[in-house]
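*Asks:* Give me the fold of what follows.
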Amino acid sequence: MILLAGDVGGTKTNLAVFASKDKLRTPLFEAKLPSAHYPSLTALVKDFLSNVKSSVDCAVFGVAGPVANGKTKITNLPWIMQEEQLQEELDIPLVHLLNDLEAMANAIPLLGPTDLYTVNPGRPVPHAPIAVIAPGTGLGEAFLTWDGTRYRTYPSEGGHADFAPRNPFEVGLLVYMLERLQHVSYEHICSGIGLPNIYAYLKESGTFEEPAWLAEQLVKVEDHTPIIINAALSEQDLSGICVATLETFTSILGAEAGNMALKILATGGIYLGGGISPRILSFLESGDFIKAFKDKGRFSHLLASIPVQVILNPKVGLIGAAAHGFDL
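*Replies:* The predicted model follows:
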């Protein structure tokens, strides 16, 4: 069977063609395409398939949005997708849609030591639940449970749950956000679309000054997140506003990862995915993340025992979608 797998996000879409489940690391053909440059998933996939010589028997797309009855809309794109419609438009016998974090979760049991970076070693409990939280364009979440023979994956839209401040500073951030949005979720803080909100709050509250060179760079682009992250990592931002933004981001991310660990008792481990986590390893290790992760009152000791690992493999969503396809 020739399988087309896709990791469809609000910023980019990774596509690859596979011939065997035993060769998920070596696809026949693959490409990364800018999602927003296309009017639909159909248009994007057709562009990709124009360079593929083999016919495709099955396609599985991990999509950044909830999937119900074979239909979904990408949370941060105006794309509406339906399995039967995609089958017809792409001339592929079987098309399956699943949440992108469910796809990522499918790959967790397949990852090796070189795919991961340990932030908190912990003591994993064999066959215990596992949680996945992924700050990318949005904030995705999923989890895995053991059914007696293997792990089963489940999607979640927990990233859209209410943001819960833990200190006066975060209360101020919430009030600032509520003046601009009717509903403030963790995604509005802990994601690519959320990180600039922290920056704006730090700037407008007068806590930090915005350097002129940084203002010049930000005004030229629509997506401020890469500039803020790069400035924080390079220590080029002498005013400290970008460093403070990343410190706040990682602390709140740690708190939400701890929330998820408690809700599903994820003593099998927490896995941080998405495009942002591997870029900010130094901030994840600095202490703010783990301190917030463990800060759960009487359950702090339990949280300290839970392993936390960053997924370094950028193709994890693609691998997981393909693995799911070969199991259909």
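*Asks:* from here on, contacts and neighbour counts on C-alpha atoms
*Replies:* Will do.
*Asks:* What's the end-to-end length of stretch 208-226?
*Replies:* The distance separating the two terminal residues of stretch 208-226, taken as CA to CA, to the nearest Å, comes to 19 Å.
*Asks:* So for that stretch, what gets flagged as buried?
*Replies:* Of all the residues in stretch 208-226, those buried under the rule 16 or more other CA atoms under 10 Å are 208, 210, 218, 224-225.
*Asks:* can you check stretch 125-132 too?
*Replies:* The neighbour-count check on stretch 125-132 (16+ other CA under 10 Å) flags 127-132 as buried.
*Asks:* Show me the shaky parts of the stretch 101-250 of the chain.
*Replies:* Low-confidence regions of the stretch 101-250 of the chain, defined here as pLDDT under 70, do not occur.
*Asks:* Could you check how many residues crowd around the residue lying closest to A257 once chain neighbours are set aside?
*Replies:* Closest residue in space to A257, ignoring its immediate chain neighbours: F293 at 6.3 Å, by CA to CA, 6 or more residues apart in numbering. F293 has 26 neighbours, counted by other CA atoms under 10 Å.
*Asks:* any idea whether F293 is helix, strand or coil?
*Replies:* What DSSP: H, G, I helix; E, B strand; the rest coil gives for F293 is helix.
*Asks:* Pull the contacting residues for it.
*Replies:* F293 makes contact with 251, 254-259, 303 under the criterion CA atoms under 8 Å, 6 or more residues apart in numbering.
*Asks:* could you dump the residues you listed to CSV with pLDDT?
*Replies:* Conversion of the contacts of F293 to CSV gives the following (pLDDT from 0 to 100):
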residue, pLDDT
S251, 98
G254, 98
A255, 98
E256, 98
A257, 98
G258, 98
N259, 98
L303, 98
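*Asks:* want to throw those residues into JSON lines with distance to P34?
*Replies:* As requested, the contacts of F293 are arranged in JSON lines below (distance: CA to CA, whole Å):
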{"residue": "S251", "distance to P34": "30"}
{"residue": "G254", "distance to P34": "30"}
{"residue": "A255", "distance to P34": "32"}
{"residue": "E256", "distance to P34": "29"}
{"residue": "A257", "distance to P34": "29"}
{"residue": "G258", "distance to P34": "33"}
{"residue": "N259", "distance to P34": "33"}
{"residue": "L303", "distance to P34": "38"}
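*Asks:* among these, which are in strands?
*Replies:* Residues of the contacts of F293 located in strands (DSSP state E): none.
*Asks:* are any of these buried, and which?
*Replies:* Buried residues within the contacts of F293, counting neighbours by 16+ other CA under 10 Å: 251, 254-259, 303.
*Asks:* so how far is L101 from I252?
*Replies:* For I252, the distance to L101 (CA to CA) stands at 20 Å.
*Asks:* Compare the two and say which one has the larger neighbour count.
*Replies:* When neighbours are counted by other CA under 10 Å, L101 comes out ahead of the other of I252 and L101, with 34 against 24.
*Asks:* secondary structure class for that one?
*Replies:* helix.
*Asks:* In contact with it, which residues?
*Replies:* For L101, the contacting residues are 62, 64, 132, 134, 140-142, 155-156, 317, by CA under 8 Å, 6+ apart.
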